[in-house]
Structures are given as structure tokens and as C-alpha cells.
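Participant: Structure for the following, please:
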Amino acid sequence: MVEKKIDKVNKALGLQRQIVGIRFLVFERDYRDSEGTETADTSLCQLVQKAGNGEYVKAKKESFRCMQGAYALGIGEIPEEVSSGRADYDEKRYESLAVARQIFGNRQCINQHIYGVEVAPLDKMRDADIGLIIGTAKDVMRVMQGYVKYYGVAQNVVSVGNCGVCSELISKPFMNNDMNVSLLSRCARKEGDFGQEEMGVSMPVHQLVRVLDGILETVNLTENNRPKREILERLDEPEELGFSIIMNYDYGVPAAKYKEYCDECEKEISQ
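Facilitator: Below you'll find the model as predicted:
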């Protein structure tokens, strides 16, 4: 069922990268049993990039060259100079130690020991904790429109342009049990080879399943004719998404009809 929804959303949005799933492997046995290919000398950004291109990978503490990702996931103990903000402050990244400490605390690193992580296209995973999408600003806008249909205003969206994948797209949505949007970061764009126009959005998988419905249910309301024609070109069958694409229609049409109705009611009252 989820696999079919993912395929429909891929075609509705025209995503260039696959929707990625992240699963936390709490115990060594979970890691051994994982179907992923072990990846060495890596970063979490690279793992997400590989998964977005169709690979099924896994990593443990010894696999990470970028330890910020390992710290965010609870893989390895965080050194005091990092958790205190001292390391970032000494690098002159922030104006004061207080700012550095606040920003590190806001990363919301997972506060339990996790042995490793597996990352893969979401539709290839048996189970996942986080669903993650890297796409254009419009792709993220459409995901947000799917989210607000069912969950209302997102209360936990925070992005500071640092630790854009490990913290903002993985540990933070897990700890908050809610969506987050990320502008990514310099390291994320370098390590993951993400384009200047790309950003990210993620959430717990139980939310994403409903949000996928919301994305599809808002296609006719939010898209105009040009993107609707592009959607039709991506489909094998006209009603492959489970509904018809309606041209010359968006949320402005029912709004205009409702205004006409209100105007008629006002006339009746005034007579």
C-alpha cells in the first residue's frame, strides 16, 4: 500500500530523487540482520544521497568520518567540548558561547544509544523510522500542503543552516515526533552533492503515510494547467493517481463560486 502511494507521489511531484527511509538499528544484532551494504569512511549526508539514488546502505560508529552525524543519531558519546558549544564557538561560527550552546541544544541529538543506521529508498524498506525527501522548494511546498491538510500548522519547523541532514532532517523530527524542513547546510551540499536549488523535508513515517495522501488530494486544488500537463506526461494511465486531473481548476474556482453565493445571500437580505 505505501509503495503504491510513494509511486503516485513521485509522479505527482516529479521528484528527481527517491523518497528515503531511515531506520535506527538499536542493537548490534539489528545491524547484522540489516539488508544494507555496509559503507565505510562516510557521512550521513552521503548515505542519504546514496539512498536517494536507489542504494540500500548501512553504517555504524566506525563507518563515520563526519562524527556530527554519529552524535545526532546517538551513535557514540558526544564530547563535552561539542555538547557545551565550545567547539563551534572556538571555530568562530557563532558570536558567543551562549549562542553556540543554545544552537547545539536545539539539534536535539537522540538521547539513547543506537548501534547503527540503515538508509534506503523508503519503498524498499521493511520498516523505517523517518521518511525524508530532498527536492526543490516547490516540492517541499507541496509536501507542506499535504501536511497541513491533516495536521494543521507545523509547530516544530526550525532550520539554522548547519547539520542540515543529521540534525534537522533526522534527529529533530524523531525527537519531536513531527515534521521539519531544512535549508540544508554547506557540509550537506558538499558531502551529499545536493544542488543549490535543493532543500529537505522529513517526518516520522507514521505521519508521512498520511501526508502522502494529502499531497495527492491537493493536486487539483493547488496546481495550475502547466504542472498538470507535466503530471499527465509522467503517467502511464490518465487516472493512475486514483483520480482525474482537472484542467482549468484550482482552489480559486470554488472560492469564486462561494463568493457568488455570498453575494446572492447579501442581496436577499437587503431586499
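Participant: can you pull out the helices in the stretch 51-200 of the chain?
Facilitator: Using DSSP state H, counting those that start in this stretch, the helices of the stretch 51-200 of the chain run over 67-73, 80-83, 86-90, 97-106, 137-151, 172-176, 186-192.
Participant: what stretches of the protein score poorly on pLDDT?
Facilitator: Screening the chain residue by residue with the criterion pLDDT under 70, one finds the ranges 1.
Participant: quick revisit: using CSV, please lay out the helices of the stretch 51-200 of the chain together with distance to Ser202 and mean neighbour count.
Facilitator: All C-beta atoms are positioned from the backbone trio N, CA, C, and that covers glycine. Compiled in CSV, these are given as follows (distance: least, Cβ to Cβ, whole Å; neighbours: other Cβ atoms under 10 Å):
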stretch, distance to Ser202, mean neighbour count
helix 67-73, 13, 24
helix 80-83, 23, 14
helix 86-90, 23, 16
helix 97-106, 16, 16
helix 137-151, 9, 18
helix 172-176, 5, 22
helix 186-192, 13, 19
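Participant: correct me, but Val209 touches Glu3?
Facilitator: No - when contacts are counted by Cβ atoms under 8 Å, Val209 is not listed as touching Glu3 (11.3 Å).
Participant: the more surrounded of these two?
Facilitator: Neighbours of Val209 and Glu3, each counted by other Cβ atoms under 10 Å, are more numerous for Val209; the result is 15 against 11.
Participant: Helix or strand for the more buried one, just tell me which one.
Facilitator: helix 205-217 (DSSP states H and E).
Participant: Run through who's touching that helix.
Facilitator: 2, 5-6, 8-9, 12-13, 21, 122, 128-131, 142-143, 145-151, 178-179, 203, 241-243 (Cβ atoms under 8 Å, 6 or more residues apart in numbering).
Participant: Is Pro238 located within a strand, as I assumed?
Facilitator: No - secondary structure of Pro238, determined by DSSP: H, G, I helix; E, B strand; the rest coil: coil, with no strand assignment.
Participant: Can you give me every residue that contacts it?
Facilitator: 232, 244-245.
Participant: Can you pull the phi/psi pair for it?
Facilitator: Comment: the main-chain dihedrals of Pro238 come out as phi -60, psi -30, following degrees, to the nearest 10.
Participant: again, but for the one 10 residues further on
Facilitator: Note on Asn248: its backbone torsions stand at phi 60, psi 40 [degrees, to the nearest 10].
Participant: so it makes contact with Asn225?
Facilitator: Yes - counting by Cβ under 8 Å, Asn248 sits close enough to Asn225 to count as a contact (6.6 Å).
Participant: the more surrounded of those two?
Facilitator: For Asn248 and Asn225, the more surrounded residue by other Cβ under 10 Å is Asn225, and the numbers stand at 13 against 8.
Participant: so which strand or helix has the closest residue to the more buried one other than its chain neighbours?
Facilitator: The spatial neighbour of Asn225 that comes closest, neighbours along the chain excluded (Cβ to Cβ, 6 or more residues apart in numbering), is Met247 at 5.4 Å. Taking DSSP H and E as the criterion, no element holds Met247; it sits outside all helices and strands.
Participant: about what we covered before: and the following helix or strand past the helix holding Val209, what does it pack onto?
Facilitator: Downstream of helix 205-217, the next assigned helix or strand under DSSP H and E is helix 219-222. Of the remaining helices and strands, those touching helix 219-222 by 3 or more Cβ pairs under 8 Å, 6 or more residues apart in numbering; DSSP states H and E are helix 225-234.
Participant: Could you tell me the angle between the helix it packs on and helix 137-151?
Facilitator: Between helix 225-234 and helix 137-151, the angle comes out at 90 degrees (axes from the mean of the first three to the mean of the last three Cα atoms, to 10 degrees).
Participant: which strands and helices sit next to helix 225-234?
Facilitator: Using 3+ Cβ pairs under 8 Å, 6+ apart as the contact criterion, the elements in contact with helix 225-234 are helix 2-13, helix 219-222.
Participant: again, only using 6 Å
Facilitator: Other elements packing on helix 225-234 under the criterion 3 or more Cβ pairs under 6 Å, 6 or more residues apart in numbering; DSSP states H and E are absent; no helix or strand qualifies.
Participant: residues of the helix or strand following it that come out buried?
Facilitator: Where DSSP H and E defines the elements, the next helix or strand beyond helix 225-234 is helix 252-270. Along helix 252-270, no position meets the burial threshold by neighbour count (16 or more other Cβ atoms under 10 Å).
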